[in-house]
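Colleague: Please work out how this folds:
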Amino acid sequence: MEEQIDLSKVDVIIDRYRDKKGSLIKVLNDIQEEYFYLPEEALRKVAKGLDIPLSRIYGVATFYNAFSLHPRGRHLVHVCVGTTCYVRGSDGLLAAAKKDLGIDVGGISPDKQFSLATIHCLGCCSIAPVIKVDENAHGRMMEDKVPSVLRQYY
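Modeller: Next up is the predicted model:
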């Protein structure tokens, strides 16, 4: 059963941008900051409130990696599993993150603070292995350091 969400804040966000052309990305960003993803019903409200076809809204929402159509935690943890990171031990980092957060890849921690994902390259090979929390890359990571890095985000 899907959890009911209070979408009253969506109306406030829509009102903030109602008369501003080209504001769809800002609207979607504000909604995602509020709910940590883009709920379907919120997108329907945006379509109606801004008189934009729902298909266009979904086109924008699915084009940009920053947007998620599925619930996720407040903080997104990416463990790089690219070749350089893998050779330098990212599989251990992933295991440590799973253990510390109590979730598998694609999961949300019970307190809804973290989502865990893998990524095939963060472009930080010189400081491999790397985990990224939100927009912050943490390089030269070791398994025993994962819990302390994650605690910085509580």
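Colleague: what does stretch 75-92 rub up against?
Modeller: Outside of stretch 75-92, the residues within contact range by CB atoms under 8 Å, 6 or more residues apart in numbering are 93-94, 97, 101, 113-122, 124-125, 128-134, 142-143, 150, 153. (C-beta placed from N, C-alpha, C; glycine too.)
Colleague: Can you give me the pLDDT of the most far-flung residue of the chain relative to its centre?
Modeller: No residue in the chain has its C-alpha farther from the mean C-alpha position than Asp19, which lies at 28.4 Å (CA atoms, centre = their mean). Turning to Asp19, the model gives it a pLDDT of 89.
Colleague: and if you look at Glu2?
Modeller: pLDDT recorded at Glu2 is 52.
Colleague: Please apply the same query to Ile5.
Modeller: With respect to pLDDT, Ile5 scores 86.
Colleague: go on, the one 5 residues further on?
Modeller: Model confidence at Val10, expressed as pLDDT, equals 98.
Colleague: same question, the one 3 residues further on
Modeller: What the model reports as pLDDT for Ile13 is 98.
Colleague: and if you look at Asn65?
Modeller: In this model, Asn65 is scored at 80, pLDDT.
Colleague: just the one 3 residues further on next, same as before
Modeller: Looking at Ser68, its pLDDT stands at 93.
Colleague: who touches it in this structure?
Modeller: Gln32, Phe36, Tyr37, Leu38.
Colleague: Spatially nearest residue to the third one (excluding sequence neighbours)?
Modeller: It refers to Tyr37. Leaving out its chain neighbours, the residue that sits closest to Tyr37 by CB to CB, 6 or more residues apart in numbering is Ser68, at 4.4 Å.
Colleague: And Ile119, by the same measure?
Modeller: In space, and not counting its chain neighbours, Ile119 is closest to His78: 4.5 Å by CB to CB, 6+ apart.
Colleague: Looks to me like the one you found is in a strand.
Modeller: Yes - counting by DSSP: H, G, I helix; E, B strand; the rest coil, His78 is located in a strand.
Colleague: Counting neighbours, what do you get for it?
Modeller: For His78, the neighbour count with other CB atoms under 10 Å is 18.
Colleague: ditto for His75
Modeller: The number of residues packed near His75 is 19, by other CB under 10 Å.
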